[in-house]
Structure formats: structure tokens, C-alpha cells
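[1] With the input below, show me the fold.
(chains A, B, C and D)
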Number of protein chains: 4
Amino acid sequence: MVSFASDYIAGAHPAVLKRLVETNLETLPGYGTDEYCASAAEKIKKACGLGQDADVYFISGGTQTNQIVISTMLKGYEGVICADTGHINAHEAGAIEYFGVKALPLKGEAGKITAAAVDEYCSTFYGDDNHEHMVFPGMVYISFPTEYGTIYSKEELSDLYEVCRKHDMKLFIDGARLAYGIESKASDVTLKDIAALCDVFYIGGTKCGALCGEAVVFTGGCCPKHFVNLIKKRGALLAKGRLLGVQFDALFADDLYTEIGRYAIDMAEKLKKIFADKGYRFFLESPTNQQFVILDNKKLKELEKQVSFGFWEKYSDTETVVRFATSWSTTEEDLEFLKRVL
Amino acid sequence: MVSFASDYIAGAHPAVLKRLVETNLETLPGYGTDEYCASAAEKIKKACGLGQDADVYFISGGTQTNQIVISTMLKGYEGVICADTGHINAHEAGAIEYFGVKALPLKGEAGKITAAAVDEYCSTFYGDDNHEHMVFPGMVYISFPTEYGTIYSKEELSDLYEVCRKHDMKLFIDGARLAYGIESKASDVTLKDIAALCDVFYIGGTKCGALCGEAVVFTGGCCPKHFVNLIKKRGALLAKGRLLGVQFDALFADDLYTEIGRYAIDMAEKLKKIFADKGYRFFLESPTNQQFVILDNKKLKELEKQVSFGFWEKYSDTETVVRFATSWSTTEEDLEFLKRVL
Amino acid sequence: MVSFASDYIAGAHPAVLKRLVETNLETLPGYGTDEYCASAAEKIKKACGLGQDADVYFISGGTQTNQIVISTMLKGYEGVICADTGHINAHEAGAIEYFGVKALPLKGEAGKITAAAVDEYCSTFYGDDNHEHMVFPGMVYISFPTEYGTIYSKEELSDLYEVCRKHDMKLFIDGARLAYGIESKASDVTLKDIAALCDVFYIGGTKCGALCGEAVVFTGGCCPKHFVNLIKKRGALLAKGRLLGVQFDALFADDLYTEIGRYAIDMAEKLKKIFADKGYRFFLESPTNQQFVILDNKKLKELEKQVSFGFWEKYSDTETVVRFATSWSTTEEDLEFLKRVL
Amino acid sequence: MVSFASDYIAGAHPAVLKRLVETNLETLPGYGTDEYCASAAEKIKKACGLGQDADVYFISGGTQTNQIVISTMLKGYEGVICADTGHINAHEAGAIEYFGVKALPLKGEAGKITAAAVDEYCSTFYGDDNHEHMVFPGMVYISFPTEYGTIYSKEELSDLYEVCRKHDMKLFIDGARLAYGIESKASDVTLKDIAALCDVFYIGGTKCGALCGEAVVFTGGCCPKHFVNLIKKRGALLAKGRLLGVQFDALFADDLYTEIGRYAIDMAEKLKKIFADKGYRFFLESPTNQQFVILDNKKLKELEKQVSFGFWEKYSDTETVVRFATSWSTTEEDLEFLKRVL
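    I've put the predicted structure just below:
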């Protein structure tokens, strides 16, 4: 069945898979010490405009990456500010809490939080006489794009980073779908901007063309000491680290990562137009690869017999919000088919 | 350089990789709900002689698997008995402790512990007036083969399982290198025996032909409720669960897993003979794919210029124990070369 | 200085201290196995109208009690619903998260949450296709009285308990100030009602006349196995458990606990009248021992030179909410003095 | 019944209790910010010969103190070296592991470990090529006196501290029974020596005259930031911190702490002589308040009808090791009685 269910319905982008096949018989050392991990890290630093004080590590999945970055960067008395709809707060089964960290959710707007809201939270916190008995805000977590497909402008990111520095907090950007954020037509934010405007972020692989894997980037000197040991302790160190290194080395060769983002955005724009042309309403305006459409429940029942997509939330008694996602694996034929059956 | 450094120096066994390539463009649901995970689970249950009350789940790596199984199966007042040299006690960076569980190490013999030692430990524990203030033994963890390449006989396993039931403990077998254990010429234990003689075990993929992945097998009805949620909470749920499903589906098709084990054992036997014929001594008698040889330090310095192998431990002021491992990727040429340069 | 800063500004109620002195030289066994712990537990069960399937344990402080009860009663995939202003969510430095549990805060109204809001949360949760990747609601936590001094009616408690049973959740009542809740003139809830309408609750000692200590009451058969071991593991088992046993044995002799609550409520009613008579406004209507008054900032500066009280929150640019608390140690003279200086 | 069962069979030393009574009605702020905590801290610093860079905090119990000190001082990749018989390894129900820390036990001798053994452990650790995958030794934990009543000499402590600095580890001394260690006739170690020869230690209150409470002393500048918040997060911050402050203020007035230690040691020496004179054998030579005697099982059965003491361990099929403890509450009459019935 034609599927827009998510951006992880297919395996790896063919160019990524090709490199896995080509390198398969090479003898390489384990645990991320191989030459492909090193090469991928260098390519990523370069693409990010970062120098030698930056550090890049590869981890298998997104929840794991969030868990590891947050639990290793925060001090014992700190928690992490996030949008109430942020992935760490809403959809990770309590993973950061399992590692001892409290999420400090702020009411988000279409998945985003503002520098002003963060600033107010911190001011109220430090103004409270009892704050020594409360969880200190030690980090701000945002996703780019957000879980609602929305993105921050360069100015919004700068403001957030500034307020983080004002209150001695780290800024961490979850880039599970980063390719689609930086390639959005509505975005004035580049990969270099991301790297310049936070302390740590990750470049999503799993949802942007890899079989698995995320690249954590510490932008300047703030990587926790013995980070490999901390990864191991959290169960996340792959013996065959090459699996991640080779894939990211491929994703950052020949602009592939950018290309994957751009292609999926083009497909999303076309998909958006198909819905708009047919008079469908959108739950919100998303400029990235996830589109949230309001479907009449009757239409929904019909449509799901022919096309796969994701349920998002109830909109009214007779309507539902559903999600259509594009990726490198979306084809023109898929769109044609959708258009026909809509 | 010719390498015997470990059993994870190459990528995936070609037949496994082939299946990843063949299925790459298929549209599949995420998080382990795809047909390949289901098919692999069925094949594994069948190969293990298990019925429908058994449960099979796939997890990326060994430390992670140990961490998840142990932390989800134990009750809050329980810890896990293991050999002092057991992987969870010695080489996982404190991973189970990070998840709140205390290891209860017993002095091992060439990596093994005995039913008698476990029984004595438990008797002493329950005989202590203060045992309510101590960690209850709730599980026995053994590895098969052990970290020293040794294996348990069927009788030893039966005895251990019996003592576990006597003291109301689970028996968990870490099968990171299971293929080499059941295919060892010295082994009277089959995969079906393993499945019949413990509560839970895992079938190692990473060190036995996969790019990554271990298959956890709950042998009968003891899988923790909402296990997928517990995996997610521990950061270990892959979005593209197919990566593990497809690989294990391939490993358990056409007896591939067995074949990989048998081949590596053959290579290990030949390697052993090469060393023995040249008069080298072994640190211990290992019937599996890891061989521990005592090298004069001078010889070691020479040899490591031509062949890769692993350092194990200091043997004397002038000698060192080193490890040579074989796998599906070891070739006759590798052995010929070793013979020449030894 | 005359102080209404909190209900823990003095030591123990004289009758409690007297018993500590009288029993001081008695030889008693440790860790809560002494006769006073046993006697106190029996008195509490009786006062609660509970039978022999109930269990009572004594723990030093409130945060610790919340942490222990919540972390031992929840299953691995569960979190705890609470008001956003609930003590566990707002003022315990992330204590339950440190023990791995996620708080699931609902917007409260004067510190309270409703059965309807809890029901809706659960219905939405189970209606979500992805709920297997989210934290299951496994418990509802409420405080009685709440952090805002408000109380639940018997009907509200019944409704909450019913909705808990409907969704297979435990109901846990934090009774840090329980004496003031059940003795409030506005309350139709008795200690027996509390015990009948939840799975577990605690009877606050620290804020109701003891030097330290809270009595956890499992109302019927749901006490976690080896609970003493779980307390020990969390660092909370006192060697001289008598310290808690003797105090609760005194608090539950001769209706002392009730009397302490009644006296503080009387004092609070008088204090309220003093403020009301002088035209002060209240932040909210509290029928218990904590009163929240809105003070002009200028007045506040003056007043705090003569009387101690607690800052609560900013009300406007020129006004602040402050808290005045009464307890067994509040005197008529204190009130007279307050009246004079107001 | 006359009891030598432990050093926590009675309440508080009368002089300590007296101060609790005298200060009971004073109005004091909460959470350890009262004047008695401050005064006690100053007295302790002075008694320890420490300056203003030292920090003193009060915590309710020993296991809790160990848990808090260890979990807050270690870095994420570190564990704690201890004797296999050390309290944290053997008798705390896995409390430090619950807080995520692995114990690294060394074989002890009568409860003690040597600087040489620690040094060898660390050298082997750093000499291992795979040590990045193992738990780094970050602290050495010893108890003074040990769980077997034995003590370290000043030279032994100096050597241990030196080896800690050599390998960049903290030295932590568990002084649950410190009074008995420094007042032992066999001891050349003073309180000032303890303070000079480690990074952090605690002065036991519970087992040395208090109702509850231990005083943690960070000897110089190494107290974790926001330590009160970290205590709160671990559930251990008492609202009425005065309970601990007043007691330690009394224990460190008029040399009471020393006197308590000296008295119990005198009683222990007499008790020892009673056993020796009657020809009983000791399990080991203890110079402190715990004496370990080997009893014939028949004698044991008789004796326990008249005197309370503690079971320690099986010695042979017909003999058992039992523990007799003295404290400030032991009387000459107790000893006379023992002598009669022995």
C-alpha cells in the first residue's frame, strides 16, 4: 500500500546502503574507533563550520540520544525545560526520568517555546525563596523541526540561546528531522546556524535516510569527560560502531544529507498542494515534511483502505487530525495515487 | 592487516547483508511490528523448540540487552548472582548498577560458576538473621560461552537451573557468542537445551554474523508486561526495527546461525593446532572461537606488527595472555599467514 | 519574633516529647521492630477503621515518603498523575524522578484536581494509538489538605477513587498536614473516610506535632513485598526506629492527633478573622491551617520586621501573596500580637 | 533483659535528650538553617581542626549518608572501591547501586583494605586496554572502626590517602562508630587525624549517643554544589533540621562525644576481660566497642535466654560467632550480670 505513515517506513537511502555493502568486508576496530566514524565526524564538523574543539559521537536512536545527552550534561540539581509537546516529555515513555532527570514543561505553541517564556520561567524560579528545594533549570530542549513540523527562525534561536546563557543553561536541539528543517523553504536557518546557536544538537539519521543512527554534535568544548564510557554505561555503545560511522560518512558525502532534506520538502510541498487544491484544511501550517490534515471521520475510514498515514489527534466529534509524512522514499507515483484517491 | 582481534571486526555475514539489501525498499511499520521481526521470532521459537508462551524481542547490543532483561525481570529487592569475571560485572561500565541493580559476584573458575556455589551463597544468605537488610538473590546470570571461551555441560546447566528454582530465582543466559557455544566440538548442549534450561536467554547477533542485534528469548510466560514500553523507556527501541528483524530472519533461515558457529569453530580448531604445533602454551583450554595464548613479551611485540589480536592480561613479568578470535570472516589465508609469521 | 512562618517552627508537641523522654532508657530492638512501632501501628489501624490486611510503616519525612511509596507501588511502565502544584511536582527537587518515575501533571484549581480531569486524561491516553510509547498512568497523587490549604469533599474523594479503579490506578493521598484537613470546619471527611477512599496514604507527623516522621498506611493488602528492604535500599530505614514509633504511639493516644488538628484550626479561624476584620484580602479561601493573604509590598516590608511568615508568590507589581500558618505551638498571645501590629 | 545486642538499643544520651527538651519550644527556621545546626557545624570544624573551607551537613542515618556522599561526589564514570565486607557492599540492601553507583569490592582482612591492594587494583585497571569500558575507581570507602571492630593506624590511613591522591580518587571514611575508633586504647588516630587524612567522612551520631543523625564533614572545599538540593532530591532533608543540629551541638559540647566513646571502650575492655577470664575465644582481636566471641552452640542457646547479643556468623558445625556491643548505656550492673551467667 502507498504509505505516508512516517519518514521511517523504508530502509536506508540507496547511497547509504551502497556504502554499507562496499565496506562490509573491511577489517575495522570496534566501538566507534574505526576510520569511518572519524571521517564522518570530520565531515560533520566541516559541514557545521565547527573547529577542533567540537566533538561528534554516533548513537543508534533518538530517544537514546536525548537520554544520554541530557543525563550526562546536566548537573545533579538540574532539570530540562521543554515544550509540553516535546518528544522527551510526551513520547519517550519517561526515558529521561528513568535516568533521573525531571522535565520542566512549558506550554508550547505549535510545538515551539519562546525565549520570553523561558526567561520568565527562570526569573520566577530564581525569584522564589524556596528555589533551593526545586529543580534548577539547567538546559533548554527544543526540537528542530518540532513534533508539529514547525521550525524556529534564526532570530528565535538566537534569542533562546541568549536567554540560556543569561541563566547559565545549555541549549540542546533535537534534530531527529534536521534535514527537513534546514531545507524547508520557510527556513532561514542553515546547519551552520544550528551549530553556532546551541551547545549541543543531534543530526537525525534514522528519519533522514539512515537505517539507524544519530550524530551528536557538541559545538564547543562541552562534551562530558569519558563520554564513550557514559554511552557504554547507558547500554548504547555498538560493538560494530562502523554501522553508524559508514552511514553518516555517506550522508555527509556529496551533500547527500541536504539533498535528502530538499527532496522530501519538495514532495511535501506537492502533497500540501494536492490537499489544498481539494479543499482540505490543515491543523496547522507546517513548512516541513510532516503535514497535519483535518479529515472528516467518514473520509478517513475510506482513505485508510488505500493509503497509509498516521493518526494524530481527535479534532472534533466528526473530524480527526492525521499526519502525512514524506521522505527520500516518497515517489511521484505515490503522490499521483494520493491525488486520485483523495 | 590480518586480524584475529575479535569476532566483530567485519560487517555482516554476506547472506545477512543480502537480505537487508533485498528488503530495503519495502514499506514496513516501525518499532519491531514488521513482518520480518514476526517471522524471525517464529523461526527462533521453532529452532528453540518453544511454544506460543515464549516471547522473542530484538535489541541492538549485548550490554543493553543484559541491562534491560535484568532490570525488568528482577523485583525491587533483588540483585543478580554472576561470576566475578562475568560481562555484567567486569566489562559493562556499571550498566546494570546504573539501572539500580547490584551484581552479586561469586568467584568463578575459568569464567564459570557452579550450582553448588550458588546454592551455598543462597543458603548462607537466607541463614543470615539480617538478610532483610541485604540484596536478595533474584537471578543467576551466566554466559554461554563464557568470557573465557569455556562452556557449561548440559548437566551443569541443569544443576544451575534446579538450584535457581529451589531458591526462587530466574536463570538468565547471556548468549552473545551462543553460536560458538552450541557448535563447539566439546559441547553436549543444543539450542533446544539452552531454551529448556533457563527462564530467559539471548541469541547473540553482533558477534555471530549480524551488523548489530541480539534476540532475547523468554522461554515460557515470564516476559515482563508491556515489555516494548520498558525497552523504549531504556532508550533501546529502534524506529526501524526491521534492521534487527531482517537480520535475524536471515540468520535463522537455512541453518545459517548454526553454520556460522560451526565454521568459526573449525577455524578456531585449526588456529589452536597452529599454536600447539609450534609449542605455544594456552592460558586455559577453550573449546570455542576465542583462544587464549601465552606469549613471551618479545614475541608479542614482533607479532603485533603483522597480525591483530587482543591483549587479555599480564601473565608474568615476561609473558602476556593474548586473545585470538575467529568468526565467519576468518579465512584459510588468514590462518596460513598466521602460521608463517608465528 | 512571633512566627507564623510554617507549621514546623517548634519542636515536638509536649505530650510527644514527654513520651520520648519516658521511654528513652528502655532497651528496644532496632529498625522498626520495637513494641512502640507495633503499638502505634495498631492504634492507627484502629483509628482508621482498618483491619489486619492493612499495613503501617513509619518514615522520617514527607518527600522521602512520597518517593518511597510512589517508586515501590508503580510498575515499570507507569507514572503518577498529580496537580501541577502538587508537592511531588513542584517542591521536591525532582525526588520522584531521581527514583525513575515521571510526574504526569494536570492543571489544578487551588491545588486540587477533579475526577473528571483524571478520567479525561486516561481516556485520551488509552485512545492514543501510540500510548505504548508513553508513560502509563498508574497512580493518582493528591494532597489532603493541598499545598494551598484546600480540601477535597468526601464526594470528590469518592469520585477520584472510582476513576482510579476504572483505569486500574492506585490512589495515594499525601497527608503531610492531614490533621488540619480532617479537623477543618469545612471538612466532611474523617480519618476513616480517608482510609476507606484510597489505596495508600500517609499521616503527617512532622507538620502535625512530631519532631519528624510520617506514618504510611496501606489500606488493604497492597503493601509491596519486603517493604522494609525497599525502605532500607532507599536510605530511609532508621536504626532507632523507636524514634518514630514512640512519637506516633503518643500522637494516637488520647486523641492527641485530632486535638492538635482542632487547636490549629481554631487558631487559623481566629487569624483569618483578624485579617478579614482589618480588610485584608485572601488569595484563596482556605479552610485549614495555612492562610494565604495578599499584602501590599510596603505593608509587607513593615510587617516582616515584627512577625515571621512565608512568601508565596508575586500577586501584582505592588502586592505579594504571603502565607501564615498555625499549629499546636501557636498561642493566643501570638494572635494578639499580630492583631496589634497589623 | 540485659542487652549487648547493639549500640543502638537505647534512646539518646541523657545530655543530648536534655538539650532537645530545653530547646523544644524555641521558634527556629527549617531545613537545617537554624542556629543549632550552625553552632554544631562550627564546633565540629573546630574539634576537627578544620578551617572555613570545610563544610558540615547533618543527615538522619548511615546508609543514607553513604548513599548521598557517594552518589554526589563521584563522576558519572566512577565507582567506589571498598572492602568486600564494607557496609555499603554487604549490608545496605544495594542502596548505592539504587543510586546508580557500582561498588568495587576488594578482599578485606578483618574488615580492612590496604593501600597496596588499592594501588594494585588501580594500576591493573589503568593498565587494561579496555578500561574505558569499565567502571573507573573514583573513591575509596573505608569504615573506621570497620564492621569487625578493627581500626586503621595513622600510617595506614596516610598510605591510603596518598594512594587516593596518586590515582585521583576521593577517600571517604564511614564513621558510624567513630567515637569508639578514636577512643580505642589501640588507636593512634585522633579526630583531627581523620579530618586531615581524607576528603570526606562522617561522624556517627545514631550509634554514638544520638537518637538519629550523622554529621558529614567535607574536609576542604570538595562539597558538591547545591548540596542541600541534592539531599532534598534524595529524600533526606528533614523539615525540622533542628532535631539533628541540637543533638550534634550537644554531642560536641563539653567533650561529650569523646566521653561517650571512652566510656563504651572502658566497658568493652571489661567485657573482653570477663570473656577471656572464663576462657572464651575471640573471633578476632577488636580494640573497639564490638567484641566477637566464639560460642559453643549449646552455650549460646542457654545464654540467649538471659542476655541479648547479636548473631554474626557460623564458625563451625558446633560453634557460632556472636557479637557483644557496648555503648554509653551499658552499665556496670550489665557486666556483673553477664559475668554471673556466663
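
[2] hey, let's count contacts and neighbours off CA atoms from now on
    Will do.

[3] What does the spatially closest residue to residue A:3 that is not a sequence neighbour show for phi and psi?
    With CA to CA, 6 or more residues apart in numbering or on different chains as the measure, residue A:308 is the residue that lies nearest to residue A:3, at 4.4 Å, once sequence neighbours are left out. Listed backbone geometry of residue A:308 is phi -90, psi 140, with angles given as degrees, to the nearest 10.

[4] What's the local residue count around residue A:308?
    17 (other CA atoms under 10 Å in any protein chain shown).

[5] same question, residue A:279
    9.

[6] just residue A:185 next, same as before
    Neighbours of residue A:185 under the rule other CA under 10 Å: 14.

[7] Regarding it, what is its secondary structure?
    Assigned by DSSP: H, G, I helix; E, B strand; the rest coil, the conformation of residue A:185 is coil.

[8] What of residue A:30?
    Three-state assignment for residue A:30 (three-state DSSP): coil.

[9] can you tell me how far it sits from chain B?
    Using CA to the nearest CA, to the nearest Å, we find residue A:30 at a distance of 7 Å from chain B.

[10] Contacts only, for the residue nearest to residue A:3.
    Residue A:308 makes contacts with A:1, A:2, A:3, A:4, A:5, as judged by CA atoms under 8 Å, 6 or more residues apart in numbering or on different chains.

[11] so what's the second one closest to, chain neighbours aside?
    Of all residues beyond its chain neighbours, the one nearest residue A:2 is residue A:307 (5.2 Å), with distances taken as CA to CA, 6+ apart.

[12] my guess is the one you found contacts residue A:3, does it?
    Yes. With contacts defined as CA atoms under 8 Å, residue A:307 counts as touching residue A:3 at a distance of 5.7 Å.

[13] Looking at the two, which is more packed in?
    Counting neighbours by other CA under 10 Å for residue A:307 and for residue A:3 shows that residue A:3 has the greater number, 25 against 19.

[14] hang on, the more buried one packs against residue A:310?
    No. Here residue A:3 lies out of contact with residue A:310, judged by CA under 8 Å, at a distance of 9.5 Å.

[15] ok, the residue nearest to residue A:2 - contacts?
    So, once contact is read as CA under 8 Å, 6+ apart, residue A:307 ends up touching A:1, A:2, A:3, A:4, A:338.

[16] What about the second one, how many residues nearby?
    When counting by other CA under 10 Å, one arrives at 16 neighbours for residue A:2.

[17] From what I see, it and residue A:334 are in contact.
    Yes. Taking CA under 8 Å as the definition, residue A:2 is a contact partner of residue A:334 at 6.0 Å.

[18] now the end-to-end length of stretch A:296-314.
    With CA to CA, to the nearest Å as the measure, stretch A:296-314 spans 11 Å from end to end.

[19] now do stretch A:81-98
    17 Å.

[20] taking the mean pLDDT, what do you get for that stretch?
    Throughout stretch A:81-98, pLDDT has a mean value of 97.

[21] Kindly report the same for stretch A:280-290.
    For stretch A:280-290, the per-residue pLDDT averages 97.

[22] buried stuff in it?
    By neighbour count, and taking 16 or more other CA atoms under 10 Å in any protein chain shown as the criterion, the buried residues in stretch A:280-290 are A:280, A:282, A:283, A:286, A:287, A:288, A:289, A:290.

[23] can you confirm the fourth one is in a strand?
    No. Assignment of residue A:286 by three-state DSSP gives coil, placing it outside any strand.

[24] Would you mind measuring from it to residue C:314?
    Distance check for residue A:286 against residue C:314: by CA to CA, it reads 38 Å.

[25] And the fifth one, by the same measure?
    Between residue A:287 and residue C:314 the distance, using CA to CA, works out to 40 Å.

[26] What of the third one?
    Using CA to CA, we find residue A:283 at a distance of 37 Å from residue C:314.

[27] need the residues of the stretch 101-250 of chain A near chain D, please.
    For the stretch 101-250 of chain A, the contact set with chain D under CA under 8 Å from any CA of the partner chain comprises A:132, A:133, A:134, A:226, A:228, A:229, A:230, A:232, A:233.
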